[in-house]
Structure formats: C-alpha cells, structure tokens
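Novice: Okay, sequence plus prediction incoming.
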Amino acid sequence: MSLSRRQILPAAFTIVPRSVLGGPGYTAPSDMLVLAAAGVGGMGAEYLKGCESQTVGALCDVDTPFAARIFRKYPQAKTYTDFRVMLEREKGIDAVIIGTPDHTHASVASAAMKLGKHVYCAKPMTRTVHEARALARLARGQKLATQMSVQSCASDEACSAEEWLRAGAIGAVREVHIWTDRPVWPQGVKRPADTPPLPQGLSWDLWLGPAPVRPWNPAYHPFVWRGWTDFGTGALGDMACHAFHIPFRALALRHPLSVHASASRVVESSLAMVDGEPRLQPRIAKLTETFPHAAIITWDFPGGVRLTWYEGGIRPPRPFGLEPGKQLAGSGQYYVGDKGVMLSGFTGGPRVLGREFPAPPRTIARTVGHYEEWINACKGGPPANCNFEFASLITETALLGVIAERVPGSFLEWDPTAMRFPNSTEATALLNPPARAGWAIE
C-alpha cells in the first residue's frame with residue numbers, strides 16, 4: 001500500500017523527540033518564557049543572567065546610561081524607560097523580573113501580576129508591610145509563579161542547617177542570633193542641601209515613583225538609596241531575608257508577638273561661650289530620613305523563641321563553645337538550644353560547637369537551582385522555594401524590625417490579624433505610609 005507524503009509527515013513528527021531535532025539540551029522556542037525586566041542597571045542584571053536560558057524580550061530602566069551595558073548585552077530586547085509603557089505594549093511577555101530599588105518593587109510587581117504575568121522580585125519583596133500583604137494576596141488570587149531573590153533558599157548549606165535543627169542537633173531552640181556587616185552605604189546622615197544638575201538620561205520622577213518629591217542628588221542613586229527611609233529598608237531589609245528563611249522553616253515560625261529595637265544615635269556638638277569660657281554643648285541629632293549607623297532588633301515568637309538581629313558592626317555575644325582564637329565572621333548566625341549551640345552562616349554549613357554531631361539524613365529535597373525553580377514554576381511546575389506566600393512572611397517580619405528601628409526604644413506589640421501595633425499609633429502609621437498620587441498599592 002502506498003502512502004502520500006502528506007500522510008507520512010504527521011506521523012513522523014509525532015514520534016521524533018525534540019532532542020533529536022535540535023540536539024542535546026535543545027528547548028523549542030514554544031517552550032521558552034518571554035521575559036521582561038525592570039531595573040536592570042544594578043542587581044537586575046544578575047537576575048537576568050540567571051534566567052538567560054529563556055528569551056529576554058523587553059528591558060526597562062529609568063537611567064538609560066546606567067543600564068546601557070545591559071541594553072547592549074540583549075540587543076534583541078526592546079528597551080523602555082517607564083515600566084508601565086513596557087507592560088502596556090509588550091503583550092507577549094510571560095514573566096517580569098524586578099531589580100528596581102525597594103520603594104518601587106510593589107508598583108512593578110502589582111502592575112505585572114494584574115496582567116497575569118509571573119514575577120521574580122528583588123529582596124526585600126516590598127518596602128512596606130501593607131505592600132507585602134497585597135502582593136501575596138494578588139499572587140494567590142491570580143495563581144502566578146513568584147520568587148523573591150533569596151538565592152540561598154536553594155543552597156545545600158541552608159537545607160543542611162534546617163535538617164540539623166529539625167534533627168535536634170542542639171535540642172529545643174530558644175535563641176536565634178543573626179548578624180551582618182551591613183550597612184556599607186551612608187546612614188545616620190542629613191538630607192543633602194545642594195541640588196546638582198540632573199544627569200542626562202535619568203528620569204528622576206519615574207525613579208521616585210511613590211516616594212515624596214525631592215531634588216535628585218548622588219546621595220540617593222545609584223545603590224546608596226538603601227539607607228534612606230523613603231527609598232530603602234536599610235541593612236535589615238537588605239540582608240535579613242537571606243537568613244530568616246532557615247529559622248522560619250526549621251522552627252516553623254510564623255508571625256512574631258512583638259518587636260523592639262535599640263539603635264545608635266548621632267551626637268552633634270558646638271562650642272559656646274559661657275561666663276567667658278568656651279563650653280561644649282552636645283545635642284542629639286534628629287536624623288529621621290535615614291536609618292541609624294547600627295542597631296539591634298529583637299522579635300519574640302509564640303513558643304518562647306527569640307530572634308535577635310545585629311547590624312552596623314555590632315555582633316552578638318561570643319557563643320559558648322567557640323574555640324579560643326576563633327572569631328565570629330562578619331556575617332552569620334547561631335542558634336542556642338537546651339543541648340548546645342549551632343553555628344551557621346548565610347551560605348555556610350552548620351557546626352555544633354564543642355562536640356561532634358553526625359550529619360542527619362537528607363530530608364529536604366534539593367532543587368535544580370534558584371532561578372530554575374522559578375522558571376519551572378512559570379511553566380506549570382511546583383512553586384519556587386521563596387514564592388510570595390513564604391516571602392511575604394519573612395519580608396513582613398523584617399519590615400516590622402525596620403519600623404522598630406524608626407521608633408527605637410519602643411516595645412511594639414504586634415497583631416498580625418488586625419495588622420497593627422496595638423500600643424503604638426506612630427508605628428502603625430508606618431505599616432502603610434501614604435504614596436504619591438497614582439502610585440498607591442491597593
């Protein structure tokens with residue numbers, strides 16, 4: 001029996017695998033995500049690099065010269081200054097990567113998710129607690145794949161630390177101490193008074209987004225925005241999410257009961273003549289627009305677990321069992337249980353001080369990688385490790401500490417259901433501060 005070519009071809013195509021057609025590792029164009037990215041001049045470039053296995057279709061940055069090298073790296077991508085214009089015109093994009101400063105994370109993510117786009121977002125997920133709740137709710141309702149940029153969530157070291165704690169390496173944990181070498185940018189400073197010319201190619205109004213209007217100054221952009229309360233979340237917002245995921249998962253932590261902070265202060269002084277003699281007259285500077293030079297923040301959780309954070313060069317007390325001559329690293333974490341102390345790091349493996357503890361069985365599945373997790377989730381796979389449901393919890397907890405830094409010395413009780421501090425109207429107002437007209441997140 002003879003068959004025509006038209007009759008043969010359909011059957012042939014159904015049995016030849018794509019790997020044969022395109023070679024090993026080949027991904028058909030129809031299986032590729034089309035990505036857009038907002039804020040690509042800084043860390044956004046690293047996020048793009050992690051997702052280069054997919055198609056980069058559009059790029060956006062409010063500072064064209066700052067982002068120029070990334071625009072050149074992806075010549076096939078259309079480029080924009082305003083993320084809203086990009087989202088309106090690029091109907092074919094599947095997912096959006098966000099590498100903008102903290103204060104515009106929620107603006108970009110909310111707009112993208114309302115259009116049904118999957119989202120990868122820099123940490124912390126948002127600048128305010130209200131925004132974190134809103135994005136988690138939106139992602140849940142839209143059934144979208146999300147991921148916050150906590151790369152260590154996919155690391156073997158982090159999984160091992162969780163396994164050791166769950167296996168009872170130090171018994172019941174009562175204290176968690178986490179510290180960082182941040183900030184590495186100016187904090188505890190006054191707003192600059194000078195108004196230099198706006199650099200060519202920088203759309204300052206778009207950079208400000210929801211923040212109050214102020215003149216451009218190199219004290220804000222690039223990178224140094226982290227220390228300013230209108231734009232960033234300080235050292236805590238920058239680094240806490242890289243560490244919080246371990247105790248939250250290992251100890252099954254949820255919302256804290258309270259948070260309080262102690263922070264450094266700046267003393268200004270001047271000389272004045274008193275009874276004909278020069279006298280030093282000190283005063284405490286009221287620097288409310290930036291975070292303090294250094295701080296200690298403490299959260300208390302149900303079940304008697306206390307988590308303490310140290311920043312600005314302050315480190316926790318030297319743990320019992322640390323070998324003579326050994327010093328705590330610039331950043332890290334340790335856990336105190338009723339059977340000892342476990343030392344770990346943001347990406348370092350666990351170690352029980354003073355005695356050996358055999359590595360427990362691997363009970364936590366390792367992943368294909370941080371960026372691959374999200375890509376697979378976008379294509380219908382399981383949720384990524386730091387999806388917005390979980391990311392909103394650790395972000396919110398960190399941001400409660402950020403608020404405590406802004407009202408130092410106060411003991412803030414936290415009601416997560418009513419979303420307020422019952423004993424502080426000042427702190428409650430910082431959960432959802434007003435945004436510029438047209439930028440509010442519902």
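Specialist: Yep, that arrived. Numbers count the residues shown, from 1 in each chain.
Novice: Which strands or helices does the helix or strand that contains residue 236 pack on?
Specialist: Residue 236 belongs to helix 234-239 when elements are defined using DSSP states H and E. Counting contacts by 3 or more Cβ pairs under 8 Å, 6 or more residues apart in numbering; DSSP states H and E, helix 234-239 is packed against strand 295-301, strand 305-311, helix 388-406. Placement of C-beta: from N, CA and C, glycine included.
Novice: repeat that for 10 Å
Specialist: Packing partners of helix 234-239 (3 or more Cβ pairs under 10 Å, 6 or more residues apart in numbering; DSSP states H and E): strand 173-179, strand 295-301, strand 305-311, helix 388-406.
Novice: model confidence over stretch 293-313, on average?
Specialist: For stretch 293-313, the mean pLDDT works out to 97.
Novice: all strands for the stretch 101-250 of the chain, in order.
Specialist: 118-121, 146-148, 173-179 (DSSP state E, counting those that start in this stretch).
Novice: Pipe the ones you listed into CSV and attach distance to residue 74 per row.
Specialist: Listed next are the strands of the stretch 101-250 of the chain as CSV, based on distance: least, Cβ to Cβ, whole Å:
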stretch, distance to residue 74
strand 118-121, 16
strand 146-148, 20
strand 173-179, 36
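Novice: Could you tell me how far the helix holding residue 236 lies from the centre of the chain?
Specialist: 8 Å (Cα atoms, centre = their mean, to the nearest Å).
Novice: can I get the CA coordinates of it in PDB?
Specialist: This file holds the C-alpha atoms of helix 234-239, laid out as PDB (Å, rounded to 0.1, in the frame of the first residue of the first chain):
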ATOM      1  CA  GLY A 234      18.400  49.700  55.500                       C
ATOM      2  CA  ALA A 235      20.700  46.800  56.400                       C
ATOM      3  CA  LEU A 236      17.900  44.800  57.800                       C
ATOM      4  CA  GLY A 237      15.800  44.900  54.700                       C
ATOM      5  CA  ASP A 238      18.900  44.300  52.500                       C
ATOM      6  CA  MET A 239      20.100  41.100  54.300                       C
END
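Novice: what's the distance between the spatially most central residue of the chain and residue 315?
Specialist: The structure's the chain has its C-alpha centroid closest to residue 123; by Cα atoms, centre = their mean the separation is 1.3 Å. Using Cβ to Cβ, to the nearest Å, we find residue 123 at a distance of 22 Å from residue 315.
Novice: if we can go back for a sec, I figured the residue nearest to the centre of the chain hits residue 236, correct?
Specialist: No - here residue 123 lies out of contact with residue 236, judged by Cβ atoms under 10 Å, at a distance of 11.3 Å.
Novice: joint contacts of these two?
Specialist: residue 398 (Cβ atoms under 10 Å, 6 or more residues apart in numbering).
Novice: Which helix or which strand is home to the residue nearest to residue 129 when sequence neighbours are not counted?
Specialist: Residue nearest to residue 129 in three dimensions, not counting chain neighbours: residue 431, with 4.6 Å by Cβ to Cβ, 6 or more residues apart in numbering. Residue 431 is part of no helix or strand, with elements assigned from DSSP H and E.
Novice: partner strands of the helix or strand residue 278 falls within, parallel or antiparallel?
Specialist: Using DSSP H and E, residue 278 falls within strand 277-284. Strand 277-284 has the following sheet partners, assigned by DSSP bridges: strand 267-274 (antiparallel).
Novice: So, low pLDDT: which residues of the protein?
Specialist: Counting by pLDDT under 70, the ranges of the chain that qualify are 1-30, 346-347.
Novice: Got the domain ranges for it?
Specialist: 13-151, 153-364+387-429 (automatic domain parsing).
Novice: Among these, show me which one is buried the most.
Specialist: Highest mean neighbour count of these: domain 13-151, a mean of 19 (counted as mean count of other Cβ atoms under 10 Å).
Novice: Contacts for the strand holding residue 278, please.
Specialist: Under Cβ under 10 Å, 6+ apart, the answer for strand 277-284 is 265-274.
Novice: Angles on the backbone of the residue nearest to residue 189 when sequence neighbours are not counted, please.
Specialist: Closest residue to residue 189 apart from its sequence neighbours, by Cβ to Cβ, 6+ apart: residue 290 at 5.5 Å. Backbone torsions of residue 290, given as degrees, to the nearest 10, read phi -130, psi 160.
Novice: now swap in residue 420 and tell me
Specialist: phi -160, psi 160.
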